[in-house]
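Asks: Kindly return the folded structure for what I paste below:
(chains A and B)
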Amino acid sequence: AQRVTQPEKLLSVFKGAPVELKCNYSYSGSPELFWYVQYSRQRLQLLLRHISRESIKGFTADLNKGETSFHLKKPFAQEEDSAMYYCALSGRGYGNKLVFGAGTILRVKS
Amino acid sequence: NAGVTQTPKFQVLKTGQSMTLQCAQDMNHNSMYWYRQDPGMGLRLIYYSASEGTTDKGEVPNGYNVSRLNKREFSLRLESAAPSQTSVYFCASSEPKAFFGQGTRLTVV
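Replies: Next comes the predicted model:
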């Protein structure tokens, strides 16, 4: 079964501090992992997709298959990073659904 | 460049009333989803459709029905609304990168 765990409901950091949002997953096959961001009262939008290995808004995430983790990192938090962040997993191929973690609220304090 | 269009944006229902949330995507995606978002619960999958004509239950399907009318459209129906269904509902389609609608804020009184 697919499962995504985000252990922190809320992460509060000061502006300029490093950020790490944790995500662990369980999946028997080869997954695709994503991070989505939701700013206040807006729709979810894709932040990162692990296969593209892009860095968006200074965020990066590395898939660690040994630890089954896909943690989201940013070296220096900015106030505009305050949002809800969701980790998501999809199996590969037809019929594989997209499953989300419970989400982590990131608050960046000035 | 519409992406995923979801209607209505807001709705207030009385307990026992019925309604249908509409969702359409123009990206030719096979997979479509309905989620509900509640404080502290994240996104929970209600129903999922891998392709036209197929639907599967997600994590919280009770009290809902869905219809995948064609490849573009995936509707969610509440037959007899209950206060516990007060939530924000999101439709999405994926390839597998997901695109979301703007959400429907539903209140059942």
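Asks: Tell me which residues touch residue B:57, please.
Replies: By CB atoms under 8 Å, 6 or more residues apart in numbering or on different chains, the contact list for residue B:57 reads B:47, B:48. Backbone N, C-alpha and C define where each C-beta goes, glycine included.
Asks: now it: how far from residue A:86?
Replies: From residue B:57 over to residue A:86 the distance is 21 Å, taken as CB to CB, to the nearest Å.
Asks: ok, now residue A:17?
Replies: 22 Å.
Asks: Compare neighbour counts for those two and give me the winner.
Replies: It is residue A:86, of residue A:17 and residue A:86, that has more neighbours when counted by other CB atoms under 10 Å in any protein chain shown, with 24 against 13.
Asks: Go through the residues of chain A and report the one nearest to chain B.
Replies: With CB to the nearest CB as the measure, the residue in chain A that lies nearest chain B is residue A:102; the distance is 3.6 Å.
Asks: how many other residues sit next to the nearest residue to that residue once chain neighbours are set aside?
Replies: What sits nearest to residue A:102 in space, not counting adjacent residues and going by CB to CB, 6 or more residues apart in numbering or on different chains, is residue B:42, at 3.6 Å. Other residues within reach of residue B:42 by the criterion other CB under 10 Å amount to 20.
Asks: I'd guessed residue B:42 sits against residue A:104; true?
Replies: No: applying CB atoms under 8 Å as the test, residue B:42 and residue A:104 come out as separate, 9.2 Å apart.
Asks: Can you work out which residues contact both of these two?
Replies: Here residue B:42 and residue A:104 share the contacting residues A:6, A:86, scored by CB under 8 Å, 6+ apart.
Asks: Three-state assignment for the spatially most central residue of chain B, please.
Replies: Relative to the mean C-alpha position of chain B, the nearest C-alpha, by CA atoms, centre = their mean, is the one of residue B:34, at 3.3 Å. Under the three-state scheme (DSSP: H, G, I helix; E, B strand; the rest coil), residue B:34 adopts strand.
Asks: Does the residue in chain B that chain A sits nearest to have any beta-bridge partners, and if so which?
Replies: Here the residue of chain B nearest chain A is residue B:42; by CB to the nearest CB that distance is 3.6 Å. Following DSSP bridges, residue B:42 is listed with bridge partners residue B:38.
Asks: which residues sit in contact with it?
Replies: Listed by CB under 8 Å, 6+ apart, the contact set of residue B:42 reads A:6, A:86, A:100, A:101, A:102, A:103.
Asks: and the residue nearest to the first one when sequence neighbours are not counted, what does it touch?
Replies: To tie it back to what came earlier, the one meant is residue A:6. Taking CB to CB, 6+ apart as the measure, residue A:6 lies nearest to residue A:101, with 3.8 Å between them; neighbours along the chain are not counted. Counting by CB under 8 Å, 6+ apart, residue A:101 makes contact with A:4, A:5, A:6, A:23, A:86, A:87, A:88, B:42.
Asks: All set, thanks.
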